[in-house]
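everything below, folded, please.
(one chain, ligands or ions: 1)
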Amino acid sequence: MSFRASVLTLYPEMFPGALGLSLAGRGLEAGAWSLDTVQIRDFATDRHRSVDDTPSGGGAGMVMRADVLARAIDHASPEGDPRPRLLMSPRGKPLAQARVRELAAGPGAVIVCGRFEGVDERVIAARDLEEISIGDFILSGGEAAALVLLDAVVRLLPGVMGNVRSGEEESFENGLLEHPHYTRPQEFEGMDIPPVLISGDHARIAAWRKAESERLTAERRPDLLKP
Ligand code: SAH
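Alright, predicted model coming up:
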């Protein structure tokens with residue numbers, strides 16, 4: 001059974017979007033993963049098919065209704081579905097490579113995309129949604145965040161990434177940022193490729209890369225080095 005994603009959204013046309021192209025797109029076609037979308041609005045019951053209402057207690061914007069969203073979730077993920085239920089949310093735990101790996105090793109994910117001011121708190125509790133953030137900034141909706149999460153997960157699935165080894169040497173995989181890369185031409189605008197990289201000495205190359213990794217991490221992301 002390959003990784004199965006179900007995305008709940010008011011904009012199903014946004015999927016697979018960028019994930020229909022390149023490695024993810026080829027993987028989708030080949031069945032390395034699958035994607036279905038659920039239009040949340042299909043689960044509205046009133047005449048206007050409304051999915052949102054004004055915030056209790058007042059204030060700006062609108063809030064997605066718990067009842068409509070719960071019906072959509074129950075449809076996409078009936079009892080017994082082993083997949084985790086995620087809610088893209090700026091209040092969530094920041095997404096990191098460790099969670100991406102866990103998700104990629106599992107059966108798939110049910111992903112709820114918020115819109116407006118967000119969703120009624122009660123549906124988060126009642127359907128046990130895991131809130132995940134992709135960074136400390138506000139998007140207009142959860143769809144772009146869901147695409148980011150799925151992109152990160154799908155590239156790890158068996159049969160998606162051509163060169164299997166490159167996934168293991170990436171930034172964050174060993175708690176460090178990656179070393180710099182170079183390729184031909186040998187000279188570019190007066191700058192040469194560091195001589196060690198064309199020395200053919202694999203031990204020295206590995207040592208140089210490790211040192212560069214540590215230098216860049218200390219300089220740019222000292223938080224990653226803290227125990
Ligand atoms: N009023 C909310 C922001 C709502 S933005 C607040 O201040 O916290 C509308 C929707 O976009 C959210 O419900 C969520 O699904 C999505 N979203 C916005 N920023 C996000 C982020 N950084 N990570 C993940 N999802 C995000």
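
so what's the residue count around residue 196?
Other residues near residue 196 come to 13 when the count uses other CB atoms under 10 Å. C-beta coordinates here come from the backbone N, C-alpha and C atoms, glycine included.

next, the contact list for the residue nearest the centre of the chain, please.
What sits nearest the mean C-alpha location of the chain, by CA atoms, centre = their mean, is residue 149, with 0.9 Å. Residues in contact with residue 149 (CB atoms under 8 Å, 6 or more residues apart in numbering) are 86, 88, 95, 100, 103, 109, 111, 132, 134.

tell me how far the helix or strand harbouring it lies from the chain's centre.
Here residue 149, judged by DSSP states H and E, is contained in helix 142-154. On the basis of CA atoms, centre = their mean, to the nearest Å, helix 142-154 sits 4 Å off its chain's mean C-alpha point.

strand partners of the next helix-or-strand element following it, parallel vs antiparallel please.
For helix 142-154, the following helix or strand on the C-terminal side (DSSP H and E) is strand 187-188. Strand 187-188 has the following strand partners under DSSP bridges: strand 191-192 (antiparallel).

just want the residue of the chain that's nearest the ligand.
residue 114 (2.2 Å; CB to the nearest ligand atom).

give me the neighbour count for that residue.
As a burial measure, residue 114 scores 23 neighbours (other CB under 10 Å).

check what pLDDT the nearest residue to it once chain neighbours are set aside gets.
Closest residue in space to residue 114, ignoring its immediate chain neighbours: residue 142 at 4.6 Å, by CB to CB, 6 or more residues apart in numbering. Reading off the confidence values, residue 142 has pLDDT 98.

how far away is residue 142 from residue 181?
33 Å (CB to CB, to the nearest Å).

these two: who's more crowded?
Shown here are residue 142 and residue 181; by other CB under 10 Å, residue 142 has more neighbours (28 against 7).

mind listing what the more buried one touches?
The neighbours of residue 142, taking CB under 8 Å, 6+ apart as the test, are 9, 87, 88, 89, 111, 112, 113, 114, 115.

stretch 31-42 and the ligand in contact?
No: legend: contact between stretch 31-42 and the ligand by CB under 6 Å from any ligand atom is lacking; minimum distance shown is 11.8 Å.

could you tell me which residues of this structure lie near the ligand?
88-91, 113-115, 117-118, 133-135, 137-139, 141-142, 145.

count of neighbours near residue 130?
Neighbourhood size, residue 130 [other CB under 10 Å]: 15.

now residue 141
Around residue 141 there are 16 other residues, counting by other CB under 10 Å.

mark out where each domain of the protein begins and ends.
Domain segmentation of the chain under automatic domain parsing yields 3-154, 169-224.

most tightly surrounded among these?
With neighbours taken as mean count of other CB atoms under 10 Å, the domains of the chain reach their highest mean count in domain 3-154, at a mean of 17.

is it true that residue 38 lies in a strand?
Yes: under DSSP: H, G, I helix; E, B strand; the rest coil, residue 38 sits within a strand.

next up, the contacts around it.
6, 7, 8, 9, 12, 72, 75, 76.

cutoff 6 Å now
Applying CB atoms under 6 Å, 6 or more residues apart in numbering to residue 38 gives the contacts 8, 72, 76.

just checking, which of these belong to strands?
If you go by DSSP state E, the contacts of residue 38 have residue 8 in strands.
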